[in-house]
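Colleague: Coordinates only, no sequence provided:
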């Protein structure tokens, strides 16, 4: 299994429902690789200060995943840029997909707009190809991702099939594993949850911070008083209740009273804040435990990167042999030695 995130900051509830929950659920069923995708980060964030922040952000990201339930014994964390062979594989795969196919990936234009890019950078257009190299370099069978990356994984599947057709069966065609809540709306109710938009609830937020954010959440804009019947469908507060409040009876009661105009937003939000903090409390306990082990996160990243590089080297060698590149050079060497 291969999945991961760009080291651009702390992980939030959107990351959890989109991918992390499945990582935790599947971790004992697969050999798990978790990529710290700093090369992907460069497609939209490549200032020197962005790069200098990578180490700190990588530590935070790994700690977030450990806190969410990933066990160190099941995980291989690795830094993408420390494995140059991933770039070699990207070069070998990039001719198996066309520019028009990449231009049809919807999230790329959204990423460019969100980064304030007037034109599509070459690296961003090739983002799905590099992602294919990430997935195929460890010959992954499963890829838990959020909705935004689903189209990218389909590009990987197409590249794997095309490579196997042309050169022989080297790669498994990986399965996409999507979360139960493909996209989680942010607390502002205007866009998906995003660190850059300031509408996120972080996995590392304190109980007080969670409550503050919940109490300021967007709800039904047409409901000016508690006795006015409100809309539940699409209401961010109830989206969060459905996703994170396991008390089905409480949620059903709140929905019924909200539609009837017999419950105020304050009560609905207070109960959501309580449910979310109950959900996050075990993560806070795990975080404290892992933070108490000096150097643990750095060791996990360094040792995982070294293990992953050995695997990737073997994959690239398999790819070169399958394509005939190794035999081409060997024939030249034998000729030159005569």
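Modeller: Arrived safely, thanks for sending. The model shown is predicted, which means the values in this text are computed figures rather than measured ones.
Colleague: burial measure for residue 19, as a count.
Modeller: 24 (other C-beta atoms under 10 Å). Glycine gets a C-beta too; all of them are placed from N, C-alpha and C.
Colleague: Contacts only, for it.
Modeller: Contacts for residue 19 (C-beta atoms under 8 Å, 6 or more residues apart in numbering) come out as 3, 144, 145, 146, 179.
Colleague: Domain map for this structure?
Modeller: Annotated domains of the chain cover 2-184+294-337, 207-289 [automatic domain parsing].
Colleague: Mind putting those domains into a markdown table with distance to residue 197 and mean pLDDT?
Modeller: Supplementary listing: the domains of the chain in a markdown table, determined by distance: least, C-beta to C-beta, whole Å; pLDDT from 0 to 100:
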| stretch | distance to residue 197 | mean pLDDT |
| --- | --- | --- |
| domain 2-184+294-337 | 9 | 93 |
| domain 207-289 | 13 | 95 |
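Colleague: sorry, back to before: check the contacts of residue 19 and tell me the two furthest apart.
Modeller: 3 and 179 (11.1 Å; C-beta to C-beta).
Colleague: Could I get the full set of strands for the stretch 101-250 of the chain?
Modeller: Under the criterion DSSP state E, counting those that start in this stretch, strands of the stretch 101-250 of the chain are mapped to 142-145, 175-178.
Colleague: Dump those strands into a markdown table; add mean neighbour count and distance to residue 19 as well.
Modeller: Shown next, in a markdown table, are those (neighbours: other C-beta atoms under 10 Å; distance: least, C-beta to C-beta, whole Å):
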| stretch | mean neighbour count | distance to residue 19 |
| --- | --- | --- |
| strand 142-145 | 24 | 5 |
| strand 175-178 | 16 | 8 |
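Colleague: Export those strands to TSV and append columns for distance to residue 239.
Modeller: Formatted as TSV, the strands of the stretch 101-250 of the chain follow (distance: least, C-beta to C-beta, whole Å):
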stretch	distance to residue 239
strand 142-145	20
strand 175-178	17
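Colleague: Those: which one's closest to residue 89?
Modeller: strand 142-145 (16.0 Å).
Colleague: Name the strands paired with the closest one and say parallel or antiparallel.
Modeller: In the sheet, strand 142-145 lines up against strand 175-178 (parallel) (DSSP bridges).
Colleague: just the helices in the stretch 201-338 of the chain please.
Modeller: Along the stretch 201-338 of the chain, the stretches classed as helices by DSSP state H, counting those that start in this stretch are 207-215, 236-244, 248-260, 265-291, 296-323, 325-337.
Colleague: now, of the ones you listed, which is deepest in the fold?
Modeller: The highest average neighbour count among those, using mean count of other C-beta atoms under 10 Å, belongs to helix 236-244 at a mean of 20.
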